[in-house]
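**Student:** here is my input; please provide its structure:
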Amino acid sequence: MKPIQLLLILFILTGSAFAQSIGFAGTICDVKTKAPLDFVKVGIYKNGMPKIVALTEGDGYFSFKNFAAGAYQLKVEGNRYYTLDTLITIEKEVKIHFELKPIPDSLFISEPSLVATRISAERARKEIASGHAKLYLTADKSVLKQAGDDDFQTKYSIGYINLGSQCSSIKQATEYNKVVFRHLDKEYGKEWRKEARKDVLGLTIYL
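**Tutor:** Okay, here's the model as predicted:
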């Protein structure tokens with residue numbers, strides 16, 4: 001008799017859990033053009049931990065299924081768009097439309113042209129001599145400017161440039177940066193190290 005009672009209790013609890021499971025769906029578009037956005041990351045978080053994460057499809061659509069009703073953190077992240085981060089309470093099946101605001105191009109650090117394939121330590125020495133040296137940042141298509149970038153460039157006469165999609169040039173760019181690091185050490189001591197961006201290629205290893 002006891003095994004039957006245990007099985008019955010388990011069945012009731014399981015049925016109750018399924019009854020509380022709901023779905024959540026929606027679409028994501030550009031706030032200006034109203035065009036649907038694909039490959040946008042949509043995440044539902046609880047206590048800072050991801051519960052469910054999905055990417056939008058070509059029509060901007062996403063959906064989640066079988067998660068418990070309640071209060072969650074919703075985060076929507078699109079490349080070159082401001083992140084939407086808000087708290088939501090989901091109590092029933094719902095479909096919501098979100099619009100993301102694009103980040104202005106002026107706030108991104110520019111990428112080099114295809115001549116980036118010729119990045120080298122020798123080129124770094126020449127550009128230091130001509131006053132056109134720079135520091136290459138991590139290979140990411142979307143690197144935002146940070147507070148202090150302009151001050152660093154003015155103070156040390158060294159600008160930042162985003163390596164962008166030139167992933168094949170990471171090694172060359174790192175060697176280029178090492179030459180610039182040594183130049184900065186020689187001219188300014190170690191003060192510049194505290195002020196430089198943390199995503200400069202090779203800086204962590206150099207320090």
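
**Student:** how about residues contacting the top strand by length along the chain?
**Tutor:** In the chain, with assignment by DSSP state E, the single longest strand is strand 21-30. The contact list for strand 21-30, computed with C-beta atoms under 8 Å, 6 or more residues apart in numbering, reads 35-37, 40, 42, 44, 56, 59-69, 76, 78, 81, 90-100, 102. In short, each C-beta sits where N, CA and C put it, glycine included.

**Student:** buried residues in that strand, which are they?
**Tutor:** Ile22, Phe24, Gly26, Thr27, Ile28, Cys29, Asp30 (16 or more other C-beta atoms under 10 Å).

**Student:** any chance of the residues you listed in JSON lines, plus distance to Leu184 and pLDDT?
**Tutor:** Below are the buried residues of strand 21-30 laid out as JSON lines (distance: C-beta to C-beta, whole Å; pLDDT from 0 to 100):
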{"residue": "Ile22", "distance to Leu184": "56", "pLDDT": "81"}
{"residue": "Phe24", "distance to Leu184": "50", "pLDDT": "84"}
{"residue": "Gly26", "distance to Leu184": "48", "pLDDT": "91"}
{"residue": "Thr27", "distance to Leu184": "48", "pLDDT": "93"}
{"residue": "Ile28", "distance to Leu184": "43", "pLDDT": "93"}
{"residue": "Cys29", "distance to Leu184": "45", "pLDDT": "93"}
{"residue": "Asp30", "distance to Leu184": "41", "pLDDT": "91"}
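
**Student:** which of the contacts of strand 21-30 count as buried?
**Tutor:** If we count by 16+ other C-beta under 10 Å, these have these buried: 36-37, 40, 42, 44, 56, 60, 62, 64, 67, 76, 78, 81, 90, 98, 100.

**Student:** out of the residues you listed, which sit inside helices?
**Tutor:** Per DSSP state H, helices hold no members of those.
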